[in-house]
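Visitor: After the sequence you'll find the predicted model.
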Amino acid sequence: MDRQTISRLAHARHPIAAPLSDGSVAALLDRALAADEGRALDLGCGRAAWLLRALSARPRWRATGVDLDAAALTLARESAEALGVQRRIDLHHLDAREFTDRRPFELVLNIGATHVFGGLLPALAAAREHLAPGGRVLVGEGFWEREPSAAALAALGAAPGEYADLATTVDRVAADGWTPVTGHVSSPREWDDYEFSWTGTLAEWALDHPEHPDAGAARAAADLHRAEWLHGYRGTLGFVTLLLRRD
């Protein structure tokens, strides 16, 4: 079972692929969608959960999503039709690094997908290329809550320098010419809810489809992820979502 399929199944009950509650997502979007109308771009949109919520909240906004997971984009289209916003969203099966558009966007999102561009600052540089004057960027990135143990690094497949602490992360963003206008640090409860949903939803799929050829692989992936979280990075890896404007 490939990673995209595992992720898609695991996020079935938590479409926001990051440790944020519905209330936190709503509050961030309320600040990000400051204007009555505009265009939003999500570079690495997955099932386009952020964009669909934005369109539901702002009937005069349009959205564009870019992702390499074709099946996730199919689910996004189905959700858009169910919400009645399909005419206001364009979805592209494309590497986000290759996406171009002749018109800029008032809001650019990259939540938990900065790795597509090689890290936080390169992702912000890519977002800037699509950003309209006075526009905003909503970016979500990991950081170290504390010095990572060997178990945490092994569980994440990460190097110590892959993330910084929260203060350093924000300082780097500011030094790159961005002003944080609001932000949200995911709480321990948001993390636990997210991880239990991720592992539990995937494991339950395996239990409900015992005859499926991928059932064993799905269950193994859920068990491994749960162990890596509980015995590895729980309480070590944090997540911050920042709403930024250019200086």
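Guide: Arrived safely.
Visitor: Now do the buried residues in stretch 1-11.
Guide: 1, 5-11 (16 or more other CB atoms under 10 Å). Placement of C-beta: from N, CA and C, glycine included.
Visitor: End to end on stretch 83-103, go ahead and measure it.
Guide: Taking CA to CA, to the nearest Å, stretch 83-103 runs 26 Å from one end to the other.
Visitor: Please work out which residues outside it touch it.
Guide: 39, 41, 43-45, 48, 51-52, 55-56, 61-68, 70, 73, 76-77, 80, 113, 116-117, 126, 130 (CB atoms under 8 Å, 6 or more residues apart in numbering).
Visitor: quick one on the thing from earlier: make TSV from the buried residues of stretch 1-11 and add secondary structure to it.
Guide: Listed next are the buried residues of stretch 1-11 as TSV, based on DSSP: H, G, I helix; E, B strand; the rest coil:
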residue	secondary structure
1	coil
5	helix
6	helix
7	helix
8	helix
9	helix
10	helix
11	coil
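Visitor: ok so, going back, filter the contacts of stretch 83-103 down to the buried ones, ChimeraX style.
Guide: Buried members of the contacts of stretch 83-103, defined by 16+ other CB under 10 Å, are picked up in ChimeraX with:
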select :39,41,43,44,45,48,51,52,55,61,62,63,64,65,66,67,73,76,77,80,113,116,117,126,130
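Visitor: Among the contacts of stretch 83-103, name the ones in strands.
Guide: Within those, residues falling in strands by DSSP state E are 39, 41, 43, 61-67.
Visitor: Need these in a markdown table (columns: pLDDT and distance to residue 208).
Guide: Shown next, in a markdown table, are the ones in strands among the contacts of stretch 83-103 (pLDDT from 0 to 100; distance: CB to CB, whole Å):
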| residue | pLDDT | distance to residue 208 |
| --- | --- | --- |
| 39 | 98 | 40 |
| 41 | 98 | 36 |
| 43 | 98 | 33 |
| 61 | 98 | 37 |
| 62 | 98 | 37 |
| 63 | 98 | 33 |
| 64 | 98 | 35 |
| 65 | 98 | 29 |
| 66 | 98 | 32 |
| 67 | 97 | 26 |
